[in-house]
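>>> Predicted model, plus sequence, below.
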Amino acid sequence: MVAFISSLALFALFVPALAMPAPNANATVELSKRAITSPVFTQANCEGVQYYQKSAVEAAAKEAVKHLKSGGAVGQGNRWYPHEFRNYPEQFPYASNCKSKWYEFPIMASGQVFRGGQPMEDRVVIGSWNGADDAVVCGVMTHRNAVRNGFKECKLQ
């Protein structure tokens with residue numbers, strides 16, 4: 001009789017597990033959509049003239065990933081973004097988790113995400129794009145006070 005009661009108690013513990021719903025395969029995908037990895041900083045300082053909050057940098061990076069994934073671009077004339085950034089002649093020292101190919105995408109002083117038109121001077125650089133939704137913020141750069149068509153690195157503070 002004791003064995004029967006023990007078996008019945010054990011069975012009662014397993015029954016709720018049978019009633020649990022199966023995990024949704026899409027739940028994991030939703031959690032990782034456009035996962036942007038960033039270095040630790042609160043703002044990007046572009047030549048002491050323009051400052052960007054981390055949230056603005058990450059918003060521009062997410063927009064770049066969105067366009068890379070869809071194969072689309074925004075801009076005008078001969079300036080379409082995102083496009084590859086070769087880091088030459090600049091040779092910015094990106095973190096080891098920020099692998100090439102690197103892509104540049106405008107970041108706007110207005111706080112709005114770039115949707116086309118004139119991009120102004122500043123860019124977010126992303127790398128380690130996995131071909132889907134994940135990328136790394138490598139840095140922010142500006143044409144301000146740089147040699148013709150070159151860039152200067154904005155300080156991540």
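All right, it came through fine. Numbering: from 1, shown residues only.

>>> could you pull out the strands for the protein?
Secondary structure of the chain (DSSP state E): strands at 36-37, 43-46, 50-53, 74-76, 79-81, 83-85, 102-106, 122-127, 135-142, 152-153, 155-156.

>>> ok, residue 123 - how many residues close by?
Neighbourhood size, residue 123 [other Cβ atoms under 10 Å]: 26. Every C-beta, even on glycine, is put in place using the N, C-alpha and C of the backbone.

>>> partners of it in the sheet?
residue 106, residue 141 (DSSP bridges).

>>> and it, what is it in contact with?
Going by Cβ atoms under 8 Å, 6 or more residues apart in numbering, residue 123 touches 85, 104, 105, 106, 107, 140, 141, 142, 151.

>>> got TSV for these, with distance to residue 98 too?
TSV is the format used below for these (distance: Cβ to Cβ, whole Å):
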residue	distance to residue 98
85	11
104	13
105	14
106	19
107	17
140	12
141	13
142	18
151	16
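
>>> Of those residues, which is the most crowded?
Counting neighbours by other Cβ under 10 Å, residue 107 leads the contacts of residue 123 with 31 neighbours.

>>> Okay, the closest residue to it other than its chain neighbours and residue 148: tell me how far apart.
What sits nearest to residue 107 in space, not counting adjacent residues and going by Cβ to Cβ, 6 or more residues apart in numbering, is residue 60, at 4.3 Å. From residue 60 across to residue 148, the span is 24 Å (Cβ to Cβ, to the nearest Å).

>>> Residue 72 now?
Counting by Cβ to Cβ, the gap from residue 72 to residue 148 is 29 Å.

>>> of these two, who's got more company?
More crowded of residue 72 and residue 148, by other Cβ under 10 Å: residue 72, with 10 against 5.

>>> would a markdown table of the strands of the chain with distance to residue 91 be doable?
As requested, the strands of the chain are exported to a markdown table (distance: least, Cβ to Cβ, whole Å):
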| stretch | distance to residue 91 |
| --- | --- |
| strand 36-37 | 22 |
| strand 43-46 | 18 |
| strand 50-53 | 22 |
| strand 74-76 | 25 |
| strand 79-81 | 22 |
| strand 83-85 | 12 |
| strand 102-106 | 12 |
| strand 122-127 | 13 |
| strand 135-142 | 12 |
| strand 152-153 | 10 |
| strand 155-156 | 16 |
